[in-house]
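Enquirer: can't give you the sequence, but here's the structure:
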C-alpha cells in the first residue's frame, strides 16, 4: 500500500527510504522514524485490535507508552512477543505484526458476541454466576480462559541474549523531554556523572511534536538537537535512548531496561544483547517523566478513530501522517484548540470543536475562531457511531450543572475524533519511590508531594504545563541535584520560549450520555473494558475503597496499569460517593513502569550460568571413566561407575563388594573442611559439638554431632587435632557453608572471649578415601614415611607424610565399617594422587565407588546421613546416639533443648532397621510404616523409611527407618502399605553388618 | 441476602443493574460486642462467618484498619493444596481443601476455585526422596497425591524444560490433582457478604490501637473510631501479628518478612496447572485472565514496608526462565510485596493465649491463603468454645515451650 | 534494594549480607537453670517491632564479620550500625 494517509511534507521521518512491513498479512510501507502506529495511520489503518472483555474494535488512542488499545503480536516463532504497543514499535524493514484477541479475523471477531451480551455481564458478573454445578467451574473456566488473555506466548525458547550493567551515578535523569534534557545539561555542566534515559528512540519528548514552539528563537527541535549534541560530548554523561526507567526501589536504586536491538528487527544483530538491564544506584534522581493526556469519558468513546488530541498532533507533526479527513475535537481545555489548529493547517478538515466550557477566551480559542472553525461551546459528545471506525458523533448542550443534556442531541459526521481532558502528571516512578501524592483540585491532578528519597520532579510530571516552565524546572532540578551530589554550580541561565498558551482547566469527568448510563458504554479503562457504569455499580455494591473498585471492576489492572484511566476512574467513584477525590484516595503505582521482559530481568543467569557448578579436582577423571553423576547442592559428585553392559544395580553391587573385599576408592573432596585454630580451639569445639573435645590428643580424630539450639541434629563429621591449637573439622557436603556461618556467629557474637580463627579449606584439599581390607597395603605401597602398621597408625588417628610423592594428611577413619584411610592432599595434586592410587591399586583390584555405593556401605553399618535420617526434628537420642552427648559439660549448643518436655517424652521417632520378608524386595525411600493396614486411608503411620538399599554383602535388602517408639518395636513385624501391595517388614537394630565394629580396627 | 445467579444477573440487566444491593453493610461500630475479630482479611472474615453460622454468635464485629482483603489476602499467588508432610498439617490443610471444594456454593459467591493440579518438581535425589516421603504420607492420610516420572511431568505440563542437560534437571514430581488456585479477592468478599448477611458488623477503616484488659482477661479494644468493648477478641492480622499481640503484652515466635510476587502481561492459555520447585526456587500458575502469577521466597530480613529487594525478583525470574525458557519474552506487568508472619517451624499458630478471651491466628508464613476457610472454621471453634478444635490443637503457642513443633520447612522451602 | 553500611567495609548492597535476626538476645550459658518457658523465649520469641529494630547482619560476601544495625522496619531506613558487644547507640533512638 502506498501510505495514502501520509502528509505531503513534514515530520521527523526519512522519506528517502521505505520500509516494508505486514499487519495481519497485508503488506504496507512506512519510513525510518515511523512507529508501527504512525505507519499504520499513514496507511489509513485505524482498527488494530479487539478489547479484552467485549472484543470491541479498537484503534490507536495515543502516541506513547501509555497506549491501552493498540496491542500487537510482534514477530514470529520463538521471537514473537505479545501485547507490544504499536506506539512503541519502531518500524524496521520486514516487520511482521498481527492483531490479537480476535477470531477468526480482526474485522469479524466471534468474541464480539460479548459486546452484545454486555448488559448481562457488567463488572464482577463472574462472581455471581458459574457456580452450578459444584464442579462446573472447571468447564466454565476453560471457556473463559480462552476468551481472556491477549496475545500468544512464544512457542519455544528465547533465542536472544540479555545482559546486566551495574552503574553508579551522581544524577540519574528519568525522561529526556524538555525538563529532562535541561536537567541533564545543568547537572552535566556542573561536572556530575549523569545518566539520562528516555524510553523513545529519540530524545526530546513532546518537543519533537511541537512545531509551533520556539526556544531561543529557533524551532524547539533545534534546541533538542543542540542539547543532545552537548550531552553526547560530555564524558561524564551517559545518554540512554530506548531505555525505560521502569522501577524505583529503595535507596535510589533504579532499574532501567535498554532495548538494544529491538528496533533492528529479529535477526539483525546477533553479536549484541537484545536488551540490557541497567541497575543504577544514583546519589540524586531527577524525575522528568512528563504528563499523559487525559481522555474524556463519553458514550462509545472507544471507537477506532477516536484518539487523544495531543497524540493526533504528534502523528501530524512528528510523523507526517494524516489520521483522517474530518476531525471533531472534544475538549475541556485550550489544548484541544491547539490540535484543531494544527490539523487545520495540515489540511485536515476540522468539522467541529466541542468545548464543555462556555466562552473560552484564551489565544488558542480565539485563533480557532479567527480561522473560522466551527465551535460548540458548552456542548458534549453524547454518542458516537461507526462499526469498525468512528463515522459520526452526536452532541448535546450541557446543562449548567454539567451532568445532563438540555434538549435533544444532533449528529455530525466525521472520521476522526480528538479528545482532551487535560493532563495527568506522570507520577508513577515518584509513587514507586514511596513518594506521597498531593491532589490539585483546580485541574484535578495528582502532583508529587512529600518524597522519601533523594529525588526531585521537574516539568509536566511535576504539574507544570508550558515548555518554558519545563525548561526552567529542569535546569533548576539538574543544578540542584548536582549540588546535592557535591558539585557546586551557579544558577543556570534561563531560556526564552515562544509557545501557544494552554493553561490548565477545570476537569470534566463524565459527559452525560444520550442513552442510560448502563447502556451507554462510556469507557474509562479502554483495555479492560471498564465503563463509568461499572464503576458506579461497584460503588453501589459497597466496593468503595479505590482498591476495591479497581479489583472488582479491573479498572487500571491492564497492561497500561491504568495510565489513561486511573484518575478518571477515581473521579467518577468520588462523584458517585459524593466525596472529594483526596478523601477517596489514590491508587498505588507498582513497578514496572511499563512491562519489562523476563529475559532482561533474568539476564545471563540462566542455562549453564543458572547456578554455579562445583566440581572436585578429580571430576575429569570420573567423567573420563564413565561415571554417572548426581547433584548434591552445587556439587556434582560421582554417583556410580557403570562398566559396559552394567546397569546401576550391577555397578553399585560390584562397587560395594569391592569395598568390603578388596579396596575401593571414593572421591570425598566435597566434604566441608574448616580449619579451627587458636588457643581456645578445643574449648570452642567443646561448645559446638555434643561430646567432649578438651582431651583429644594431637594426631587423633573424633566424630562429632552438631545440634541447633533447638536440640535437633544439624551436622556431623570427623575432626582431627593437628596440633595443640589447631584442628581440621569436616562437615557434610551440603552444610559446609551453613556450619561455617553458624560457627562464625557463635565465635564473633556469643563467645568473643575465645581466641579462635576459622578458615574454610574445603576447596584447598582433595580428599581421597581408600576403603577395604586391602587399603592398608595400598597405602603402604605409596608412602615411605608413614608407618601403616595397625598399632603404629590406629583407627581414629592422623598421620602426616608423603603419599605418591606429595605431602598428605592421612586420617584413618571409616564411614563404611571397613579399614579405611582418608588421604587429604593439595587440591592441585588430587588427580595425580588419585591416578597413582588407581595404578598402585591394580594388583588389589582397586575399584572406584560413587556416592550410591557409599550410601549402601554406611547403611549396612547403620551410619546416619544428616538430611536423610534427620530432617530437623531428630535429636541425638532419637538416632540412638546418646553415647555422643556429654552428660557432664555445662553447655554446648542445643543442650538445654534436649531437656524440654517434648524432647524427653516417650514415643518420639527413633532410628531402627527394617528387614523385608522378601530378601529381594527393596523398600522405597520415603515409604511409610504402619502397624495396622486398613482397607482405605487414613491410617495411623509410625514413621518412614529413610534409607533403603540392596546389600550385596548381606545378599538381601536393608532399610533404615524412623518410627514412633521405634526401639520398643524391635522384633515386631509391621507393614509398609504401597499403592499396589503391602510389604511386611521386621524391625531390627539399625546395624546390619559387623555389629561389633571389628573390621575397621583390623 | 439476595442470592446471586445467572437469573439474578438477567433480571438486573433489565433494570440497568440499579437493583443490586450492597455486598455488605457499612455499619457504625456498636459500643459492645460478644466477640471482635481484628483483621478483615480472608482468615478474619471466615472466622466471623463461622462464628455466626456454626456457633450462633451474631453480635460480633470484624475490625479492619484499611479495606477488606487488602493485606495478604489480596497479595498472594492463590495456590491451594493440602499435600503437607506431617499428619497435623495435612489434616488442617485437607480440612480447608474440602471446604474450598464447596465454598462458592456455601457462600453463594464464585471464588473460582480451579482444581487444576499442583505440581512440585524434584531435581535431585534428595528432592525425590523428600517428595516421595510426602506423597506416601499424603496417600496414607487420604490426601490425593500422585508421583509423576519425568516423562509424565512432560505429558502433564509440556512447557517445562525437561532436558537432562540443564543445571537442575527435572527427575519427577508430585501432583496433587485436587489442588489449584482460586480468586483471592473473591474469598474475602464472599466471606464478608455471607458474614454480613448473618448479622456480622464489618467495619473498615477502623484501626485497633490498644487491647484493653482487666484482671488477666480482655475487655475490649481501643480503635481509631473509639473504644469498643468485647468479651472475646481474635487477632487475625497476618503481617502485623506481633504488633497486635504486643498491645496485649504478648511476645510471639514470629518474624515479619516481605514476600514478593509478580505477574506477567496476560497471554492466551498456555499453562494449565500450578508448577512449584523448591530447588530451582519459584512457582507459577496462569490466572484466568491470562497472567503468569509468579512468586518465590521471602526477603531475608524483618520488614513491614511491603517492599522487597529487586534482587529477589531477579532470582525468581532466573528460576522461571530456567524452567520455562519460552517465558523469557513475556513481560513483567506488576510486582508487589506483602508482609508474612514466619514461624520457626513454618507452621501456623491458631491458639488461645495467656490472656483470657484473647485468641490468635497467625504465623502462616507464605502459605496462608490455601488455609483460609479451614483456618476460619477451626479458629471460630476455638473462640466460641474457648478450646481448640482437634485440628488446631497441635498449633498452639505452647508448642514453642514444649518443643513439639510441626516442622514443615521442607514443604515451605519455597514460599507459596 | 537496600544498602547496608558495614562498620568495617562501608556501604554495600544488601545481597552481600545475610540477615541474622534480632540482636541482643541473651544466650544463657547455664541454661539448665532456665525454665522451658524462659528457654523458649530465647529460642523463639522475638520482638519483631514495626519501627526501630536492633538486628544482626553478617557480611558474608565481604569481610565475613557480624555486626549490629538499628533499622526502622517500617521504612527500612538504617539508623545506626555498631560492632558486636557494643551497646545499642542512643543516636538511634
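Expert: Yes, it's here. The model shown is predicted, which means the values in this text are computed figures rather than measured ones.

Enquirer: helix/strand/coil for residue 38?
Expert: Assuming you mean chain A. Per DSSP: H, G, I helix; E, B strand; the rest coil, the secondary structure class of residue A:38 is helix.

Enquirer: quick one: pLDDT of the closest residue to it other than its chain neighbours?
Expert: Once flanking residues are discounted, residue A:38 sits nearest to residue A:319: 3.6 Å by Cβ to Cβ, 6 or more residues apart in numbering or on different chains. From N, CA and C alone the C-beta is placed, and that goes for glycine too. Here the pLDDT value assigned to residue A:319 is 98.

Enquirer: quickly note the distance from residue A:319 to residue A:276.
Expert: In this view, residue A:319 and residue A:276 are 27 Å apart by Cβ to Cβ, to the nearest Å.

Enquirer: do the same with residue A:977
Expert: Distance from residue A:977 to residue A:276, by Cβ to Cβ: 56 Å.

Enquirer: same thing with residue B:130?
Expert: Applying Cβ to Cβ to residue B:130 and residue A:276 gives a distance of 39 Å.

Enquirer: more neighbours: the two, which one.
Expert: Per other Cβ atoms under 10 Å in any protein chain shown, whichever of residue B:130 and residue A:276 has more neighbours is residue B:130, with 24 against 21.

Enquirer: in what helix or strand does that one lie?
Expert: helix B:125-140 (DSSP states H and E).

Enquirer: got the buried residues for the next helix or strand after that helix?
Expert: Sequence-wise, the next helix or strand downstream of helix B:125-140 (DSSP H and E) is strand B:146-149. Residues of strand B:146-149 classed as buried by neighbour count (16 or more other Cβ atoms under 10 Å in any protein chain shown): B:146, B:147, B:148.

Enquirer: which residues touch strand B:146-149?
Expert: Contacts to strand B:146-149, defined as Cβ atoms under 8 Å, 6 or more residues apart in numbering or on different chains, come from residues B:119, B:131, B:132, B:135, B:156, B:172, B:173, B:174, B:175, B:176, B:177.

Enquirer: for the record, mean pLDDT for that strand?
Expert: Averaged over strand B:146-149, pLDDT sits at 96.

Enquirer: show me what that strand pairs with in its sheet, parallel or antiparallel.
Expert: Sheet pairing for strand B:146-149, assigned by DSSP bridges, gives strand B:172-176 (antiparallel).

Enquirer: what packs against the helix or strand just after the strand it pairs with?
Expert: Using DSSP H and E, the helix or strand that directly follows strand B:172-176 along the chain is strand B:180-181. Contacts defined by 3 or more Cβ pairs under 8 Å, 6 or more residues apart in numbering or on different chains; DSSP states H and E place strand B:180-181 against strand B:79-80.

Enquirer: still on that earlier bit, buried subset of the contacts of strand B:146-149 as a ChimeraX selection?
Expert: Those of the contacts of strand B:146-149 that count as buried under 16+ other Cβ under 10 Å are selected in ChimeraX with:
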select /B:119,131,132,135,156,172,173,174,175,176
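
Enquirer: let's have the contacts of strand B:146-149 in CSV, adding pLDDT.
Expert: As requested, the contacts of strand B:146-149 are arranged in CSV below (pLDDT from 0 to 100):
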residue, pLDDT
B:119, 97
B:131, 95
B:132, 96
B:135, 96
B:156, 97
B:172, 97
B:173, 98
B:174, 97
B:175, 98
B:176, 98
B:177, 98
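
Enquirer: Serialize the contacts of strand B:146-149 to TSV and add fields for distance to residue A:958.
Expert: Below are these laid out as TSV (distance: Cβ to Cβ, whole Å):
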residue	distance to residue A:958
B:119	32
B:131	23
B:132	18
B:135	23
B:156	34
B:172	24
B:173	28
B:174	26
B:175	31
B:176	32
B:177	35
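
Enquirer: give me the sheet partners of the helix or strand that contains residue B:285 and which way each runs.
Expert: Assessed by DSSP H and E, residue B:285 sits inside strand B:282-286. Using DSSP bridges, the strands paired with strand B:282-286 are strand B:274-277 (antiparallel), strand B:292-298 (antiparallel).

Enquirer: how close does the residue nearest to residue A:38 get to chain B?
Expert: From residue A:319 across to chain B, the span is 25 Å (Cβ to the nearest Cβ, to the nearest Å).

Enquirer: A helix includes residue A:389, no?
Expert: No - Residue A:389 is assigned coil when assessed by three-state DSSP, not a helix.

Enquirer: what residue ranges in chain B score low on pLDDT?
Expert: Filtered on pLDDT under 70, chain B yields the residue ranges B:410-416.

Enquirer: what lines up beside the lengthiest strand in it in the sheet?
Expert: Counting residues, the longest strand found in chain B (DSSP state E) is strand B:331-342. Looking at strand B:331-342 with DSSP bridges, its partner strands are strand A:596-597 (antiparallel), strand B:255-264 (antiparallel).

Enquirer: and that strand, how far out from the chain's middle?
Expert: 14 Å (Cα atoms, centre = their mean, to the nearest Å).

Enquirer: one more: stretch A:719-736?
Expert: Here the centre of stretch A:719-736 is set off from its chain's centre by 39 Å, with Cα atoms, centre = their mean.

Enquirer: please apply the same query to stretch A:217-229.
Expert: Worked out by Cα atoms, centre = their mean, stretch A:217-229 lies 39 Å from the chain centre.

Enquirer: same question, stretch A:469-484
Expert: So, by Cα atoms, centre = their mean, the centroid of stretch A:469-484 is 34 Å from its chain's centroid.

Enquirer: which phi and psi does residue A:438 have?
Expert: Backbone geometry at residue A:438, expressed as degrees, to the nearest 10, gives phi -110, psi 150.

Enquirer: so who does it touch?
Expert: By Cβ under 8 Å, 6+ apart, the contact list for residue A:438 reads A:446, A:447, A:448, A:449.

Enquirer: go on, residue A:568?
Expert: Applying Cβ under 8 Å, 6+ apart, we find residue A:568 in contact with A:294, A:295, A:297, A:421, A:509, A:524.

Enquirer: out of the residues you listed, which comes closest to residue A:691?
Expert: residue A:524 (71.8 Å; Cβ to Cβ).

Enquirer: make sure that closest one is indeed in a strand.
Expert: Yes - counting by three-state DSSP, residue A:524 is located in a strand.
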